[in-house]
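Enquirer: Predicted model and sequence follow; I will ask about them next.
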Amino acid sequence: MTYLPCIEIESFADIPATASVIWLHGLGADGHDFAPLVPELQLPDSLSIRFIFPHAPQIPVTVNAGYFMPAWYDILEMNLERKIDEAQLIASAISVQDLIQRELERGVASERIILAGFSQGGAVVYQAGYTFDKPLGGFLVLSSYFATSSSININEVNKNTPILIQHGTRDPIVAPILGERAFQFVQKFSGNVSYETYAMEHTLCGEQVVAISQWLQQRLAN
């Protein structure tokens, strides 16, 4: 099995992790983008979390003049609805599911595996999480949109998996309405979804980091 290349950060080097957070970056970034956030979350070592930050493959991106850059899928048109290469997104989701399966083989229970994603990474989280065949611990979607909402076949085991959606009210890259639409779509089948907004652009802010930390601790406390 060939896995996506990843950065891994563990609470303890000599004690097996009992929880995992797989965190996907956005367009043009890589796994290093969110790795520095781990100490800022100030999570207790007792949670014994393995953070996994995969690198997306380098592909040509149509809306960026065909330049090769890290991307989970091609964006064909940068309009509000965002015309994308859905097959590439689904392939990326399957690669993420392979990472989930590897965590299961490492001894982490599926209910203690969290998927997180920013922007493009969040779109992949929706697809990977809601189609996975074992119950997961939660989904964290940051400044993103549900790109496959019209075609996804949601697996019953993750229909009510806790999900936190966060978005900037001044986001010029992924319009806030897209985060709201994703929230409304998830509400149709799940009663376990929260939506938070922050006075920011296409980024993260300190108040948000505190909220993420609290949410992760709630999800992984037991």
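Expert: Here it is on my side, so go on. Only a predicted model underlies this, so the values are computations on that prediction, with no experimental measurement involved. Numbering: from 1, shown residues only.
Enquirer: tell me the secondary structure for the residue most central in space within the chain?
Expert: Centroid-nearest residue in the chain: residue 117, 2.3 Å away (criterion: CA atoms, centre = their mean). When classified by DSSP: H, G, I helix; E, B strand; the rest coil, residue 117 comes out as strand.
Enquirer: Verify the stated contact: it with residue 146.
Expert: No - the criterion here is CB atoms under 8 Å, and residue 117 misses it with residue 146 at 11.5 Å. Using the backbone N, CA and C atoms, a C-beta is placed for each residue, glycine as well.
Enquirer: Please enumerate the shared neighbours of those two.
Expert: By CB atoms under 8 Å, 6 or more residues apart in numbering, residue 117 and residue 146 have these common neighbours: residue 123.
Enquirer: picking up where we left off before, would you mind measuring from the residue nearest to the centre of the chain to residue 221?
Expert: Going from residue 117 to residue 221 by CB to CB, to the nearest Å gives 22 Å.
Enquirer: again with residue 147
Expert: Distance, residue 147 to residue 221, using CB to CB: 32 Å.
Enquirer: repeat for residue 177
Expert: Taking CB to CB, one finds residue 177 at 34 Å from residue 221.
Enquirer: between residue 147 and residue 221, which one's more packed in?
Expert: Each of residue 147 and residue 221 has its neighbours counted (other CB atoms under 10 Å); residue 147 has more, 27 against 9.
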